[in-house]
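*Asks:* Turn this into a model:
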Amino acid sequence: MSGEIWDSGLQSERTRLAWVRTAVMLSTGGLAATGLSVQHGLAPLAAVGFALGALCGGFLLLRTGVRYRRVQEALHGGRPLDCGLDALLAWLGTLSAVAGAVVFVITV
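*Replies:* Model (predicted):
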């Protein structure tokens with residue numbers, strides 16, 4: 001057994017698809033919720049939370065290719081993975097969407 005961490009399976013591709021799904025759901029869900037909040041005249045704070053979630057999802061989606069290349073290089077080079085910024089964006093986007101939903105529920 002060698003010390004190599006690279007596996008020839010499709011784990012990286014599945015992980016990339018999971019990041020894409022997360023980003024798409026944050027961006028489309030945030031845009032839809034923002035539109036509904038504005039259309040129905042709900043609290044502006046709810047729309048801001050949803051819009052921030054959509055913005056984080058959009059950034060995650062834009063970074064998908066860069067993240068995938070870096071993961072591949074790290075795995076092939078035996079270096080540790082670093083996806084701190086992407087995890088922070090996903091966390092912030094999810095937290096913003098939840099905050100928008102809480103404001104939405106409280107004001108309705």
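
*Asks:* Who are the packing partners of the host helix or strand of L55?
*Replies:* L55 is part of helix 44-62, with elements assigned from DSSP states H and E. If you count contacts as 3 or more Cβ pairs under 8 Å, 6 or more residues apart in numbering; DSSP states H and E, helix 44-62 packs onto helix 11-39, helix 84-107. Quick note: C-beta positions are derived from backbone N, CA and C, even for glycine.

*Asks:* Heading C-terminal from that helix, find the next helix or strand.
*Replies:* Sequence-wise, the next helix or strand downstream of helix 44-62 (DSSP H and E) is helix 64-77.

*Asks:* By mean pLDDT, point me to the weakest helix or strand of this protein.
*Replies:* Across the helices and strands of the chain, mean confidence by mean pLDDT, DSSP states H and E is lowest for helix 64-77: a mean of 80.

*Asks:* Check which helices and strands it sits against.
*Replies:* Applying 3+ Cβ pairs under 8 Å, 6+ apart, one finds that helix 64-77 contacts helix 11-39.

*Asks:* which parts of the helix it packs on are buried?
*Replies:* By neighbour count on 16 or more other Cβ atoms under 10 Å, the buried set for helix 11-39 is 16, 19, 22-23, 26-27, 29-31, 33-34, 37.

*Asks:* Tell me, please, where in the chain the pLDDT is lower than the cut-off.
*Replies:* For the chain, the stretches flagged by pLDDT under 70 are 1-10.

*Asks:* what residues are up against the closest residue to L89 other than its chain neighbours?
*Replies:* Spatial nearest neighbour of L89, excluding adjacent residues (Cβ to Cβ, 6 or more residues apart in numbering): C56 at 4.8 Å. If a contact means Cβ atoms under 8 Å, 6 or more residues apart in numbering, then C56 has 26, 30, 89-90, 92-93, 96 as its contacts.
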